[in-house]
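*Asks:* Pasted the sequence and its predicted model underneath.
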Amino acid sequence: MAGKPHPSDWRNAPASTQRLALLALAGIIGGLLLEFHFSGAMARAVAPTLIARNASGETLLANGSKVFLIDAGEARTSSLSAEDLGLRGPIMSVSSDGRDWYLGDDATGMLYRCDLSARRCSAALKAAQPGDRIFRRAHRVAFGGGRIFVTDSEAHRVLVFKADGSLVGPTRTQPLPLCFPNGIVADGSDLYIADTNNFRIARVALSAPDESETLLRTHAGATIARANCNTRSVDLARRGTPVLNTAIDSANTVKRYARPPARVDRVWPASLLHTSTGEWWVVQMSDGMRDGDVIRYGADGRTLARIELPADADPIELIQAGAAVLISDARLARVHRATLQGKLAGAWGPADFQQQLAAIESEREVQRNLQYLSFGVIAAGVLTALLVVIFELRRQRAEKWSAAGTLAPVSTPAAPLGREPVWVSPDAAFLKRAGRAPWLIAAYTVLCSAVLVYLMADRDLGSPIGRIGAFFTGTLILILVLFTAFIARNVGRLHRRRIGITRDSLSYDPGSGTLVESPWADVRVSRRTLLVGRDLVQIIDPRGRHLYPQAEIESQLLSRLSPSAFVREPRLMFEALRRGNVGLWITAVLFASYLAVQVLRLTQPALVQQATAAFVALFR
């Protein structure tokens, strides 16, 4: 009856079930909010990982919100917050030109020269316009030849400034442009840059900052000949869209494996140090820029050894302190001391600094336990929700009603039929919704095609890989266009679709004028789909909305079917396959082909490589 709620309606559930459902909802939402809060608090309670040293032997560390200054005798620690220094934070870099300390403030994108004793910082660089950012986010700083060098990682460039802070200009270097430059060191007449996405340490002459050569490679295999990132993402970075920037770069970045003794996926160089012995120490990160290895290289770029850090270490930065190398560790909340020969010599820092690190780790442990507690609250909410589901299923079984938005046997008598078929046409509300589909899909096609063309603009069509990329891009665009045309054609036929009901059979017209007819004994119905002949006819959409008038479907169609005609979805699909449904067979063949390829990759890798090589050869 019109207006009468379905038995599954919330208002028909017992009061105890309703209270349980509200408790489950409160537990899940509250647990998620608590998890967000405690995970954020744990992320803020981090040990200092940024580290620098001045000419007098003082060491400065920072953790984003606070700086820690350790005197030259390594006996006493003083700490200041970013607010104490007039910075908004978080602090993204610490560096020194030997005399002054420099801090990079992420909130303003500016590098500041700081007098810690006076608790005062002033802008060290001059922006083109007041308030402009110098760097997007991740950056490192080096000083040499009377100039200041800043790696602006997300813009794939190094910014060069005079000592007075005025801009000389940016550079990406040639012949191999920089891709996500991170750590930077000035040594003598040269500049050395951790060129992260190109898997190398680049050497740049201070006198010619637009040209670079590779000092050493962190990856195995052939040398990278062109920038391993999307050059156009530089413009995106300037517009302040780091997420989109990273996504587009990922589409153009080719993954490589690391050279031994680094672990195979620790290939992304992030921080570097040139020691007094002439060796190069490099922090090489895994995907996600974490859990790195510290690798020693000779002056000629040969790999020497890996520093044996604890298994759960997460090294971030390196500096030399006398006869030792200091390695900051984000996860273990400590600074490792290693000899110049690569042997660990314990934790570094005076007693009061160790106490502050212990307090930070204790706070992290508290927040971690509270985060685990929030997981328990979420789990309790989920278990309560499962109880609600169980109680509702028991009520459904006891009251013998079918779920809303599903097809089920109807107990009411079938409506009488005349000599002519009774035709059931699609619901008017459904036709109105479907009328918007071609426009939405066309917009999606145009957007996807534009993105694909954009990504292909940087491909080198003179190489086989570039031509293969162009081939697949064109194929994808063609598939999108054909799919859009197919959807538009089907939507145009929707208003002509109809289901015909007679005493002896059921007919279906997909809108093309061709009738598919099936005896009542051969008709099958699942929860939302009707099988007529070999055609699958959707009666209810995934959101439980009827695509044909519900009253007519129940009184004219469902009431004429025996209970044996109602089957589960898998059985309906198998029956449609048995009858020769073309769409399902195409899907089955594609899925089987995919499985066959995966099995061959595991069992016959050489054969797959030969087939791949033969395919690539077609584009030479």
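*Replies:* It's in.

*Asks:* Please enumerate residues in contact with the longest strand seen in the chain?
*Replies:* Taking DSSP state E as the criterion, the chain has its longest strand at strand 208-217. With C-beta atoms under 8 Å, 6 or more residues apart in numbering as the test, strand 208-217 has contacts from 149, 158, 160, 171, 173-176, 178, 191-193, 195, 199-205, 223, 259, 280, 282, 297, 301. C-betas here are computed from N, CA, C, even on glycine.

*Asks:* Same question for stretch 316-327.
*Replies:* By C-beta under 8 Å, 6+ apart, stretch 316-327 touches 49-53, 57, 59, 183, 270-273, 275-276, 281, 283, 292, 294, 307, 309, 315, 328-330, 335-340, 345, 348.

*Asks:* Could you pull out the buried residues of it?
*Replies:* Ile316, Glu317, Leu318, Ile319, Gln320, Ala321, Val325, Leu326, Ile327 (16 or more other C-beta atoms under 10 Å).

*Asks:* what's the nearest residue to the third one if we skip its chain neighbours?
*Replies:* Think Leu318. Leu273 (4.0 Å; C-beta to C-beta, 6 or more residues apart in numbering).

*Asks:* ok, now which ones touch His37?
*Replies:* For His37, the contact set (C-beta under 8 Å, 6+ apart) comprises Ser374.

*Asks:* Any idea how many residues pack against Ala123?
*Replies:* 14 (other C-beta atoms under 10 Å).

*Asks:* Quickly list what it is bridged to.
*Replies:* With DSSP bridges applied, Ala123 shows beta-bridge pairing to Tyr112.

*Asks:* Contacts only, for it.
*Replies:* Met110, Leu111, Tyr112, Arg113, Gly165.

*Asks:* can you redo those residues as TSV with neighbour count and distance to Ser512?
*Replies:* Shown next, in TSV, are those (neighbours: other C-beta atoms under 10 Å; distance: C-beta to C-beta, whole Å):
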residue	neighbour count	distance to Ser512
Met110	22	66
Leu111	25	68
Tyr112	20	71
Arg113	18	76
Gly165	16	73
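
*Asks:* Return the closest of the residues you listed with respect to Leu407.
*Replies:* Nearest to Leu407 among the contacts of Ala123, counting by C-beta to C-beta, is Met110 at 64.4 Å.

*Asks:* Against Glu317, how distant is the closest one?
*Replies:* Distance, Met110 to Glu317, by C-beta to C-beta, to the nearest Å: 21 Å.

*Asks:* Can you classify the residue nearest to Ser95 when sequence neighbours are not counted by secondary structure?
*Replies:* Nearest non-adjacent residue to Ser95, counting by C-beta to C-beta, 6+ apart: Val141, 4.0 Å away. When classified by DSSP: H, G, I helix; E, B strand; the rest coil, Val141 comes out as strand.

*Asks:* ok, now Gly492?
*Replies:* Gly492 is classified as helix under three-state DSSP.

*Asks:* got a list of what it touches?
*Replies:* Gly511.

*Asks:* what's the answer for Ile91, then?
*Replies:* Leu50, Ala62, Asn63, Gly64, Ser65, Val67, Ala82, Leu103, Gly104, Asp105, Asp106.

*Asks:* and it, what are its phi and psi?
*Replies:* phi -80, psi 130 (degrees, to the nearest 10).

*Asks:* out of everything not next to it in sequence, what's closest to it?
*Replies:* Using C-beta to C-beta, 6+ apart and skipping the chain neighbours, the partner closest in space to Ile91 is Ala62 (4.6 Å).

*Asks:* Relative to Ser81, how far out is that neighbour?
*Replies:* 10 Å.

*Asks:* Of the two, which one has the most company?
*Replies:* Per other C-beta under 10 Å, whichever of Ala62 and Ser81 has more neighbours is Ala62, with 27 against 13.

*Asks:* which residues pair with the more buried one across the strands?
*Replies:* Leu50, Val67.

*Asks:* Tell me how far it lies from Pro426.
*Replies:* Applying C-beta to C-beta to Ala62 and Pro426 gives a distance of 64 Å.

*Asks:* Shouldn't Lys360 be within a strand?
*Replies:* Check again: residue 360 is Ile, not Lys. No: the assignment for Ile360 is helix, going by three-state DSSP, so no strand is present there.

*Asks:* so it makes contact with Val46?
*Replies:* Yes: applying C-beta atoms under 8 Å, one finds Ile360 in contact with Val46, separated by 7.1 Å.

*Asks:* Quick one: low-confidence residue ranges for the stretch 101-250 of the chain.
*Replies:* 230-250 (pLDDT under 70).

*Asks:* again, only this time at 90
*Replies:* Applying pLDDT under 90 to the stretch 101-250 of the chain flags residues 107, 126-139, 145, 152-156, 169-170, 172-174, 188, 207-209, 221-250.

*Asks:* Now do the helices in it.
*Replies:* Remark: helices assigned in the stretch 101-250 of the chain by DSSP state H, counting those that start in this stretch are 233-238, 242-252.

*Asks:* what about the residue nearest to Tyr102 when sequence neighbours are not counted, which helix or strand?
*Replies:* Counting by C-beta to C-beta, 6+ apart, Tyr102 lies nearest to Ser95, which is 4.7 Å off, once chain neighbours are set aside. Element membership of Ser95, judged by DSSP states H and E, is strand 91-96.

*Asks:* Any idea how many residues pack against Leu116?
*Replies:* 18.

*Asks:* What of the one 10 residues further on?
*Replies:* Residues contacting Lys126 under the criterion other C-beta under 10 Å number 15.

*Asks:* Equivalent analysis for Pro130, please.
*Replies:* 6.
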